[in-house]
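**Q** fold the following and give me the result.
(one chain, ligands or ions: 1)
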Amino acid sequence: MVAWRVMEDLFAIQATDLHAAYGATEVLHGITLQLKWGEIAAISGPNGAGKSSLLEVLAGVRELTSGVLTQSGTAALVVQRPAVPATLPLTAADVVRIGAARPGRRSWPGRQRRNRRDIAAATIEALAAVELSACAMRPYAALSGGQRQRVLVAQGLATGAQILLLDEPAAGLDAGSRGRLRTILAAEAARGTAIVCVTHDQADLAEADRVIWLESGRIPARSGDVDD
Ligand SMILES: Nc1ncnc2c1ncn2[C@@H]1O[C@H](COP(=O)(O)OP(=O)(O)OP(=O)(O)O)[C@@H](O)[C@H]1O
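**A** Purely as a prediction, here's the structure:
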């Protein structure tokens, strides 16, 4: 059965026997997991294991071929920083504003759009959280790789989403920025946000409430991630 339901629940995400494919090639082979509110789950595993695909499925941007996925709140996906053309006519603040203009926590479940003042406030707050206020008006394409990554994290934060899904947000960040990112995510979780973070970083894995190990599109039974 393929289903997409939205409901208030103890769990932010409940996924049962998820399968997903690229064309005829199945890459997720029956993923079952639950994520509680305020929990930080790290997804790790070898290259090609299906981590990004799973994150996209959980975010609702990649279709299931079968399984049941229940989200109990708004979700935002923070992608890995893309290569962008040098001429991209967006500032760092513009990129964050794209997230801030999305319906988020304050408007759930009505999903009304925020007004301009709320969008501006969310943009400023999120840029400050990643310590890039000084770069707000700089062209996004002119920022360093690590700065662009932090802008994308700010974009995710600015959505005010109740479920935050991040694909290797620490990739390319220096040690100080990685530490600050962990602090930001811990603060978000303390507010009740459910967080799923793809990572290979040992400190991230150590600080996560739960590590979900993915291998060849499956969660091996020994990793004990189905429930806890
Ligand atoms: N656009 C695509 N078209 C076809 N196959 C794809 C596509 N994207 C990913 N795949 C395949 O799906 C499988 C899972 O890829 P995915 O990117 O989800 O893995 P990952 O664990 O995130 O990898 P990495 O650690 O390298 O980022 C891989 O076998 C990959 O080749």
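
**Q** residues from this protein in reach of the ligand?
**A** Within the chain, the positions near the ligand by CB under 6 Å from any ligand atom are Y22, V27, G45, N47, G48, A49, G50, K51, S52, S53. C-beta: built from backbone N, CA, C; applies to glycine.

**Q** how about a cut-off of 5 Å?
**A** Listed as neighbours of the ligand in the chain under the rule CB under 5 Å from any ligand atom: Y22, V27, N47, G48, A49, G50, K51, S52, S53.

**Q** show the buried residues in those residues.
**A** V27, A49, G50, K51, S52, S53 (16 or more other CB atoms under 10 Å).

**Q** so which of the residues you listed belong to strands?
**A** Under the assignment DSSP state E, these contribute V27 to strands.

**Q** which of the buried ones among the residues of the chain next to the ligand lies closest to L132?
**A** The closest of those to L132 turns out to be S52 (CB to CB; 24.5 Å).

**Q** show me the contacts for E39.
**A** Going by CB atoms under 8 Å, 6 or more residues apart in numbering, E39 touches A12, A189, A194, I195, D209, R210.

**Q** mind checking how far F11 is from V153?
**A** 24 Å (CB to CB, to the nearest Å).

**Q** and the two? which has more neighbours close in?
**A** The neighbour comparison of F11 against V153 (other CB atoms under 10 Å) goes to V153, with 27 against 17.

**Q** just say helix, strand or coil for the more buried one.
**A** helix (DSSP: H, G, I helix; E, B strand; the rest coil).

**Q** distance-wise, check it relative to the ligand.
**A** Here V153 is placed at a distance of 18 Å from the ligand (CB to the nearest ligand atom, to the nearest Å).

**Q** domain map for this protein?
**A** As given by the TED database, the domain ranges for the chain are 1-73+162-221, 83-159.

**Q** now those as a markdown table including mean pLDDT?
**A** Shown next, in a markdown table, are the domains of the chain (pLDDT from 0 to 100):
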| stretch | mean pLDDT |
| --- | --- |
| domain 1-73+162-221 | 90 |
| domain 83-159 | 86 |
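
**Q** is it true that W213 touches P220?
**A** Yes: the criterion here is CB atoms under 8 Å, and W213 meets it with P220 at 6.4 Å.

**Q** please identify which of those two sits among more neighbours.
**A** Neighbour totals were compared for W213 and P220, and W213 leads with 19 against 12 (other CB under 10 Å).
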